[in-house]
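> here is a sequence together with a model predicted from it:
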Amino acid sequence: MLSVKNIAFDSMLAAYLLDPTFRRHNLNEIALRYLGRPMRGDYLALTNGGKLNFAEVDQLQACAYSCEDAETVLELYTVLIRELKAKELWTVFNEIEMPLLPVLQKMEMAGVKVDCEKLKRISVTVEEQLTVLEKQIYTVAGEHFNISSPAQLRALLFEKLKLEPARKGKTGYSTDEAVLQQLAEKHPLPALILEYRGLLKLKNTYLEALPQLVNPETGRVHTSFNQTITATGRLSSSNPNLQNIPIRTELGGKLREAFIVEPDNLLISADYSQVELRIFAHFSRDETYLEAFAQGEDVHTATAEKIFGVAKTAVTHEMRRQAKVINFGVIYGMSFFGLASQLKISRAEAKRYLEEYFKKYAGVQKFIEELVERAKEKGYVETLFGRKRFLPDLKSANQYIFESARREAINAPIQGTAADIIKIAMINLDRRLAREKLKSRMILQIHDELLFECPESEAPRMKTIIKEEMEGVVALKAPLRVEVGIGKNWAEAH
DNA sequence: CACTAGTGCAA
DNA sequence: TATTGCACTAGTG
């Protein structure tokens, strides 16, 4: 038996696929767009400033509107389904988004266990450091001010201390990390600010926020996985966002140690290795990339070899780092200008690097040009599984708008295909766990990584199943590879 | 309280 | 002048 609510939810998914960039926060906007008339309930709510005050609403009228809404939703649903089929989005809807919905629901219900005592211990030491830093900053600055206020910091750095940043955006001076790092060479204050900011961010956003979000019923943190937000088909996570837990710094690692499991359980982390570059290699059919992946090489090292013209054994850490920036930059449609500012090298040098790159990766340039041309003709780009992103701005006469749409056209099929792949893996894994009657649960998805909580006895079996299902989603020209880690917490497992 | 700008965390 | 997100704080109306 289908309920109105179910149909309403399905309609949200359908509308998302029909235009993933359409800003929908409720069915009313979808009804307006596809039926040309509003939802009455939403209409009433809207006229009351967003809050339904039943005392003020004519009860009979409200009942009539409710009945009308039920009909509207049903009609909307049929229109959306027809549209999905017409635009060849039915398969993505039926085989990916719809089956994914109950999987996400289970993950949200399962939640993740957090060690609040550990967070508290970290928080205390961070607070001590912050107190010390604060005093140092006021001493060096010669005055008290709000360090968290970019406006006050700007006044201090650029007016009182007369520091000269390498100019930034149109609207005055920025005090962001790149600027402060550069200013740190001339004055002791910026480095202190950076350290202060980093610690404060960690304390406010994670150390103190997470314990408050532990559900008293389950003793665990339950995020929301949003299925209809992103332009590319990725999920997003909120309340809290568990897709941006720090990892790069030492303190970030400590924080991840606080993501734990129930007694006698283990945490398994499985992540797709270089999935976007593999997809890029698959789409572009570039021989150099495909060869590197076929040989099981480290792809960034391989790129460094080609660009810098040295043997594999001569690739330094710094060369690999720069090659990595180029590999990712290409996926994002980065220009030599952007590369120069990322690598802090001259524009001429950046241009040379990119020229060398395109010479060695001969399939790439042609692929990108054809992709953008096709997108301009068809009005959209699509993923390997047919998810579409419509890009009318590719026809814009405004250079800036066009360039922006061009980058989106390059990135969306890659990021979106990666999203499709992991979604399919999640659906298949969920079925597999049920079929094999395993107690292990999928608990988090972080774009190219899945986290599982499993009884110790199931761990070896799970490791095999996860790798099998994730790598087996699709046979790309550059085959999918998954790295699995096991531990008592997220830091150990990843 | 709603909203924007600035900043910074992740893939 | 590199993509996709979410969340925090300051500041404004």
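Yep, it's here. Numbers count the residues shown, from 1 in each chain, chains lettered A, B, ... in the order given.
> pLDDT averaged over the longest helix that chain A contains - what is it?
For chain A, the longest helix by residue count, based on DSSP state H, is helix A:399-435. The predicted model assigns helix A:399-435 a mean pLDDT of 97.
> check contacts around the residue of the stretch 251-400 of chain A found nearest DNA strand C.
Minimum separation of the stretch 251-400 of chain A from DNA strand C (Cβ to the nearest atom of the strand) falls at A:Gly338, amounting to 1.6 Å. In short, each C-beta sits where N, CA and C put it, glycine included. For A:Gly338, the set of contacting residues under the criterion of Cβ atoms under 8 Å, 6 or more residues apart in numbering consists of A:Gly329.
> repeat the analysis, applying 6 Å as the threshold.
With contact taken as Cβ atoms under 6 Å, 6 or more residues apart in numbering, A:Gly338 is in contact with no other residue.
> ok, how many other residues are close to A:Asn215?
Other residues near A:Asn215 come to 10 when the count uses other Cβ atoms under 10 Å.
> check the offset of stretch A:145-154 from the chain's centre.
Remark: stretch A:145-154 is offset 29 Å from the chain centroid, using Cα atoms, centre = their mean, to the nearest Å.
> so it, near DNA strand B or not?
Yes. Stretch A:145-154 lies in contact with DNA strand B when judged by Cβ under 7 Å from any atom of the strand; the contacting residues are A:Pro150, A:Arg154.
> now A:Leu192: closest residue in space that isn't a chain neighbour?
Of all residues not flanking A:Leu192 in the chain, A:Ile137 sits nearest, at 5.0 Å (Cβ to Cβ, 6 or more residues apart in numbering).
> which helix or strand contains that neighbour?
Following DSSP states H and E, one finds A:Ile137 within helix A:116-141.
> what average pLDDT does that helix get?
If you average the pLDDT values across helix A:116-141, you get 96.
> and stretch A:184-197, by the same measure?
Stretch A:184-197 carries an average pLDDT of 93.
> does any part of it sit near DNA strand B?
Yes. Stretch A:184-197 lies in contact with DNA strand B when judged by Cβ under 7 Å from any atom of the strand; the contacting residues are A:Leu194, A:Arg197.
> residues making contact with that stretch?
Under the criterion Cβ under 6 Å, 6+ apart, external residues in contact with stretch A:184-197 comprise A:Leu133, A:Gln136, A:Ile137, A:Val140, A:Ile147, A:Leu163, A:Leu180, A:Leu183.
> just the buried residues of the residues you listed.
When the contacts of stretch A:184-197 are checked for burial by 16 or more other Cβ atoms under 10 Å, the buried set is A:Leu133, A:Ile137, A:Ile147, A:Leu163, A:Leu180, A:Leu183.
> may I ask which two of these are separated the most?
Across the buried ones among the contacts of stretch A:184-197, no pair lies farther apart than A:Leu133 and A:Leu163, at 19.2 Å, counting by Cβ to Cβ.
> related to what we said a few turns ago, so how far is the longest helix of chain A from its chain's centroid?
Here helix A:399-435 shows a centroid-to-chain-centroid distance of 10 Å under the convention Cα atoms, centre = their mean.
> so is that helix next to DNA strand C?
Yes. Shown here: helix A:399-435 in contact with DNA strand C (Cβ under 7 Å from any atom of the strand) through A:Tyr400, A:Glu403, A:Ser404, A:Arg407, A:Glu408, A:Asn411, A:Ala412, A:Gln415.
> and the helix holding A:Ile137, which residues are buried?
For helix A:116-141, using 16+ other Cβ under 10 Å, the buried residues are A:Cys116, A:Lys118, A:Leu119, A:Ile122, A:Ser123, A:Val126, A:Leu130, A:Leu133, A:Ile137, A:Ala141.
> and chain A, which of its residues are near DNA strand B?
Checking chain A against DNA strand B by Cβ under 7 Å from any atom of the strand, the hits are A:150, A:154, A:171-172, A:174-177, A:180, A:194, A:197-198, A:201-202, A:243-249, A:252, A:446-449.
> list the residues that contact A:Gly36.
Contacts for A:Gly36 (Cβ under 6 Å, 6+ apart) come out as none.
> where does the residue of the stretch 301-450 of chain A found nearest DNA strand B sit: helix, strand or coil?
Scanning the stretch 301-450 of chain A for proximity to DNA strand B using Cβ to the nearest atom of the strand identifies A:His447 as nearest, at 3.1 Å. Using DSSP: H, G, I helix; E, B strand; the rest coil, the secondary structure recorded for A:His447 is coil.
> quick check: closest non-adjacent residue to A:Ala209.
For A:Ala209, ignoring the flanking residues on the chain, the nearest one in space by Cβ to Cβ, 6+ apart is A:Pro240 at 6.2 Å.
> quick check: phi and psi at that neighbour.
Recorded main-chain torsions at A:Pro240 are phi -90, psi 170, according to degrees, to the nearest 10.
> gap between it and A:Leu267?
18 Å (Cβ to Cβ, to the nearest Å).
> the more surrounded of the two?
For A:Pro240 and A:Leu267, the more surrounded residue by other Cβ under 10 Å is A:Leu267, and the numbers stand at 26 against 19.
> ok, the more buried one touching A:Ala258?
No. At 11.9 Å, A:Leu267 and A:Ala258 do not qualify as touching, with contact defined as Cβ atoms under 6 Å.
> buried ones in the longest helix of chain A?
Neighbour counts over helix A:399-435 (16+ other Cβ under 10 Å) mark A:402, A:404-430, A:433 as buried.
> other SSEs contacting it?
In terms of contact count using 3 or more Cβ pairs under 6 Å, 6 or more residues apart in numbering; DSSP states H and E, helix A:399-435 is assigned the packing partners helix A:98-110, helix A:275-284, helix A:362-378, strand A:380-382, helix A:459-471.
> confirm A:Leu60 sits in a helix?
Yes. Under three-state DSSP, A:Leu60 falls within a helix.
> burial of it, as a residue count?
Here the count is done by other Cβ under 10 Å, and A:Leu60 has 8 residues near it.
> again with A:Asp298
By the other Cβ under 10 Å criterion, the neighbourhood of A:Asp298 contains 16 residues.
> for it, phi and psi?
On the backbone of A:Asp298 - angles per degrees, to the nearest 10 - the values are phi -80, psi 120.
> quick one: it from DNA strand B, how far?
The spacing between A:Asp298 and DNA strand B, counted by Cβ to the nearest atom of the strand, to the nearest Å, is 18 Å.
> list the contacts for the closest residue to that residue other than its chain neighbours?
Spatially, and ignoring its direct neighbours in sequence, A:Asp298 is nearest to A:Arg320 (7.8 Å; Cβ to Cβ, 6+ apart). With contact taken as Cβ under 6 Å, 6+ apart, A:Arg320 is in contact with A:His300, A:Thr301, A:Ala304.
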